[in-house]
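Trainee: This is the structure alone, sequence omitted:
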Ligand code: F0G
């Protein structure tokens with residue numbers, strides 16, 4: 001099939017937005033692989049696990065699905081500039097789609113707490129990058145405050161078109177599997193994506209394309225788990241900087257998605273996240289960023305206490321591992337060095 005973006009691919013599901021084809025701002029997002037796990041038998045016996053590799057999107061994360069919709073609508077509605085707060089991926093995506101659309105883009109990021117690849121992206125795509133001496137939640141509050149007076153369109157997931165775009169991830173999973181999975185595990189930060197997937201599955205359910213919704217399983221990092229602990233976390237902390245969020249904007253929607261489907265929102269430790277990231281890369285050949293690995297870490301933990309035999313499970317791998325090389329390099333810096341000498345090489349290989 002010709003590679004096309006999600007607004008065109010699923011145009012029947014965007015009729016209400018009244019978008020003409022020539023108005024679409026796209027970088028051919030979507031159509032990401034759904035890869036079946038082959039080597040996880042040791043940890044997940046007799047479970048059929050699939051990875052939705054959202055890191056294969058144009059800017060390396062699922063945000064592109066939402067951004068094509070948000071930026072297309074911003075241009076359609078006459079906006080000249082967009083703004084977002086971000087832990088990194090939203091800023092990269094917003095900056096790229098703004099460049100594509102010829103819009104100005106302003107991004108607010110928490111100082112020192114975003115992965116280097118994401119920062120590089122926002123800079124090279126030409127956004128105005130402003131660091132906040134605070135966290136994501138502070139940055140989002142500032143965005144909410146300044147957007148209207150400065151006539152800026154917010155492209156965080158509180159922009160309703162973002163979730164509309166992101167719902168297409170659910171469509172693609174069903175289109176490939178031929179039915180809904182039994183469970184879907186995914187990381188939860190600002191809680192937009194789990195809400196979007198729920199919306200997508202619900203639309204397919206209403207159209208009778210699926211018989212049941214998957215159990216929506218949201219995974220937070222232990223140091224940034226406001227929904228799990230049912231309280232705002234003033235100073236969220238986790239190695240998974242993408243989901244270092246203490247007061248998610250779509251909190252209620254996420255809880256609803258989990259409750260209605262018989263799923264839940266729970267937490268995993270940083271150690272479990274990093275272990276899952278390594279397992280995923282070294283046993284399946286898929287390099288996902290730490291926040292994304294939270295979904296696999298969550299699945300592994302959950303399977304220890306629940307029988308998943310024979311079940312079909314999808315883990316959403318939300319972002320590409322290349323965005324955050326530091327997290328790997330900081331843990332593994334014992335690289336071997338040898339002289340230009342074949343004997344030394346033979347010895348090193350044998351070790
Ligand atoms: N995974 C990755 C890689 C992310 O970048 C994010 C969110 C999430 C998961 C969580 O998704 O917020 O919809 O619950 N990143 C946002 C950002 C906050 O600014 O890039 P969510």
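Mentor: Sure, I can see it. None of these values were measured; they are calculated from a predicted model. Numbers count the residues shown, from 1 in each chain.

Trainee: Next SSE downstream of the helix or strand in which residue 271 is found?
Mentor: If you go by DSSP states H and E, residue 271 is part of helix 270-284. The first helix or strand that comes after helix 270-284 along the chain, using DSSP H and E, is helix 290-305.

Trainee: what is the mean pLDDT for that next one?
Mentor: Mean per-residue pLDDT for helix 290-305: 98.

Trainee: by contact count, what packs against that helix?
Mentor: Applying 3 or more C-beta pairs under 8 Å, 6 or more residues apart in numbering; DSSP states H and E, we find helix 290-305 packed against strand 183-187, strand 215-221, strand 264-268, helix 270-284, strand 312-317. In this view, the C-beta of every residue, glycine as well, is placed from N, C-alpha and C.

Trainee: What is the last one packed up against?
Mentor: Judged by 3+ C-beta pairs under 8 Å, 6+ apart, the packing partners of strand 312-317 are strand 48-53, helix 168-177, strand 183-187, helix 290-305.

Trainee: For those, state which one has the densest average packing.
Mentor: Highest mean neighbour count of the helices and strands packed on strand 312-317: strand 183-187, a mean of 28 (counted as mean count of other C-beta atoms under 10 Å).

Trainee: Report the angle between that strand and strand 312-317.
Mentor: With axes from the mean of the first three to the mean of the last three C-alpha atoms, to 10 degrees as the basis, strand 183-187 and strand 312-317 are set at 10 degrees to each other.

Trainee: So which elements touch strand 183-187?
Mentor: By 3+ C-beta pairs under 8 Å, 6+ apart, strand 183-187 packs against helix 192-206, strand 215-221, helix 290-305, strand 312-317.

Trainee: Next, format these as TSV and append distance to residue 238.
Mentor: Putting the helices and strands packed on strand 183-187 into TSV (distance: least, C-beta to C-beta, whole Å) gives the following:
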stretch	distance to residue 238
helix 192-206	17
strand 215-221	4
helix 290-305	8
strand 312-317	17
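
Trainee: Out of those, which is closest to residue 61?
Mentor: helix 290-305 (8.7 Å; C-beta to C-beta).

Trainee: List, one by one, the residues from the stretch 201-350 of the chain near the ligand.
Mentor: 242, 243, 289, 291, 292, 318, 319 (C-beta under 6 Å from any ligand atom).

Trainee: what kind of secondary structure is the first one in?
Mentor: This means residue 242. Assigned with DSSP: H, G, I helix; E, B strand; the rest coil, residue 242 falls in the helix class.

Trainee: Give the buried residues for the helix or strand bottoming out on mean pLDDT in the chain.
Mentor: In the chain, the helix or strand scored least confidently by mean pLDDT, DSSP states H and E is helix 325-329, which has a mean of 94. For helix 325-329, a neighbour-count test (16 or more other C-beta atoms under 10 Å) marks 327, 328 as buried.

Trainee: helices and strands around it, which ones?
Mentor: When contacts are defined as 3+ C-beta pairs under 8 Å, 6+ apart, helix 325-329 sits against helix 116-124.

Trainee: Check the average confidence over the helix it packs on, would you?
Mentor: Per-residue scores along helix 116-124 average to 98.

Trainee: Same question for stretch 211-220.
Mentor: Per-residue pLDDT values over stretch 211-220 give a mean of 98.

Trainee: Can you tell me what sits against stretch 233-241?
Mentor: Under the criterion C-beta atoms under 8 Å, 6 or more residues apart in numbering, residues 87-88, 113-115, 135-137, 187, 221-226, 244-247, 270, 273-274, 289-291, 293-294, 324, 327 lie in contact with stretch 233-241.

Trainee: Contact residues of the stretch 51-200 of the chain facing the ligand?
Mentor: 61, 63, 86-90, 157, 187-193.

Trainee: how about a cut-off of 8 Å?
Mentor: 54, 61-63, 84-93, 118, 136, 156-157, 166, 186-196 (C-beta under 8 Å from any ligand atom).

Trainee: What strand or helix carries the residue lying farthest from the centre of the chain?
Mentor: Largest separation from the mean C-alpha position in the chain: residue 343, at 46.4 Å (C-alpha atoms, centre = their mean). Taking DSSP H and E as the criterion, residue 343 maps to helix 342-350.

Trainee: same check, this time on residue 143
Mentor: helix 136-147.

Trainee: What are the contacting residues of that helix?
Mentor: 83-87, 108-110, 132, 152-154, 156, 158, 189-190, 236, 244-247, 249.

Trainee: Now do the buried residues in it.
Mentor: 136, 137, 138, 139, 140, 142, 143, 147.

Trainee: ok, so of the residues you listed, who is nearest residue 332?
Mentor: Distance to residue 332 across those (C-beta to C-beta) is lowest for residue 136, with 27.7 Å.

Trainee: Let me see the confidence value for that closest one.
Mentor: For residue 136, pLDDT reads 97.

Trainee: got it, and the one 3 residues further on?
Mentor: Predicted confidence (pLDDT) for residue 139: 98.

Trainee: Which residue is the nearest non-sequential neighbour of it?
Mentor: Counting by C-beta to C-beta, 6 or more residues apart in numbering, residue 85 is the residue found nearest to residue 139 once chain neighbours are left out, at 3.5 Å.
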